[in-house]
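1. Coordinates for the following, if possible.
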Amino acid sequence: MNARNVRYSGNTAELNAPVIVSVLLNDICNLRCQTCYLENMNEQSSLSREEWNNFFESLFGDLKPNATVFVGKEIFAKDESVETMFDALKQRDRLQASKITDIGVITNGTLLQRYRNRLEGSSLDWIDISIDGPREFNDKIRGEGSYSKLERNLDWISKAFQGDRLWVVPTLCDANASQIAQMIEDLNKTYGISHYSIGLYKHRSSAPDLFSVGDSEVRRFVNDLSRIEIIHPTKVVLGYKADNPDSYSEIFNLPDSDGETVTTKQIDLGNSISLDIQRNNRNMGLWRAVRISSEGDWLAAEDLFDHLNYKQNAVTNLRDVRYDARKAYEIGLRSPRARSLGFVQL
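-> Here you go, the predicted structure:
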């Protein structure tokens, strides 16, 4: 995704719409993952389906971000959340004759069969499925039997959402770094899944730090990735923030930032795998990336892990701006939180 109408110089930028708006629709999940950053989340006054539809009218008709992604905790664990997502697709398709906003969803994949026919016939642009590793490791982190529940959906979903419409999104940590490459090989050979987006484990202030990720394990993952055998040409994206250890840039031989927001590098591993490294050089919250809680709180992307302080960190609430996406976005750009993140509006 590339931002439209962007100028950037130092810590000053202008953008007429965010690149991505992430919408948290509920606070329930059918799994209890050890890596979850929304553990014990309980929001009391979530927006109704009607309220979300009022917001979508403004979001897709006026603000028009490059992408909107729906998340739960687990969106497919609640019928109303799924219906809200399908409402958004209808609104986007009605309001944008030439599609501007892509719509995707993040899921653990275990409940997709409930909505198979509707998903296969929908205009959903992509699905992200979070998997922590091969069966044994995934079950250790997510609960016994969770991989089997996911596996029953992989065959049909990989056919319905081919190529870059289906992404597998593991979180890399020391505990699974030696297993992710093998998981990619297995999924590629068995289901033809060819797109993977790797995140690095991030410490959560709301829970004990159960995992970590170090330089040696990142190097091991890349080395293992270069050794696996695949059938279908594959793209692997690994993203990290510049405030991660500088050694990451040394590992991937990334140059210093020359003012660009994201530094990218494509590495051909020689086995039909393209490894795309993406380093975010600065904070993106409130101007490029926005998070909206199930209660309608408008948040910087950097605040998404800190769910205990959503109310404190929110720059406004959708109810307070009468569901006007443009107004909420402009309030965010002028907010003290935006300035604390290094954003200055031109």
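
2. Counting neighbours, which bits of stretch 108-117 end up buried?
-> Under the neighbour-count criterion of 16 or more other CB atoms under 10 Å, stretch 108-117 has 108-112, 115 buried. All C-beta atoms are positioned from the backbone trio N, CA, C, and that covers glycine.

3. Next, count neighbours for Gly259.
-> Neighbour count for Gly259, taken as other CB atoms under 10 Å: 9.

4. Equivalent analysis for Met284, please.
-> Met284: 25 surrounding residues under other CB under 10 Å.

5. Surely Ser216 is in a helix?
-> Yes: using DSSP: H, G, I helix; E, B strand; the rest coil, the assignment for Ser216 is a helix.

6. In terms of pLDDT, where does Thr234 sit?
-> Note on Thr234: pLDDT of 98.

7. Then the one 4 residues further on?
-> At Leu238, the predicted lDDT confidence score is 95.

8. OK, contacts around it?
-> Residues counted as contacts of Leu238 (CB atoms under 8 Å, 6 or more residues apart in numbering) are 172, 198, 200, 275-278.

9. Is it correct that it falls within a strand?
-> Yes: residue state for Leu238 (three-state DSSP) corresponds to a strand.

10. ok, residues contacting the longest helix along the chain?
-> Across the chain, the longest stretch assigned as helix under DSSP state H is helix 79-95. Residues external to helix 79-95 that are found in contact with it (CB under 8 Å, 6+ apart): 25-26, 49, 52-53, 56-57, 60-61, 68, 70, 72, 75-76, 99, 101, 103, 105, 115, 118, 122-124.

11. buried stuff in it?
-> Buried, per 16+ other CB under 10 Å, within helix 79-95: 81-82, 84-85, 88-89, 91-92, 95.

12. ok, and what's touching the next helix or strand after it?
-> Moving toward the C-terminus from helix 79-95, the next helix or strand (DSSP states H and E) is strand 102-107. Here strand 102-107 makes contact (CB under 8 Å, 6+ apart) with 1, 66-72, 74-76, 85, 88-89, 92, 123-130, 169.

13. Buried ones in strand 102-107, by neighbour count?
-> Judged by neighbour count using 16+ other CB under 10 Å, the buried positions of strand 102-107 are 102-107.

14. Could you single out the nearest of those residues to Asn283?
-> Using CB to CB, Ile106 comes nearest to Asn283 of the buried residues of strand 102-107, at 21.4 Å.

15. who's the closest one bridged to?
-> Beta bridges link Ile106 to Asp128, judged by DSSP bridges.

16. residue boundaries of the strands in the stretch 151-300 of the chain?
-> 166-168, 171-172, 195-200, 234-241, 262-268, 273-280, 289-292, 297-300 (DSSP state E, counting those that start in this stretch).

17. follow-up on the earlier one: what's the farthest-apart pair in the buried residues of strand 102-107?
-> The most widely separated members of the buried residues of strand 102-107, counting by CB to CB, are Asp102 and Thr107 (16.4 Å).
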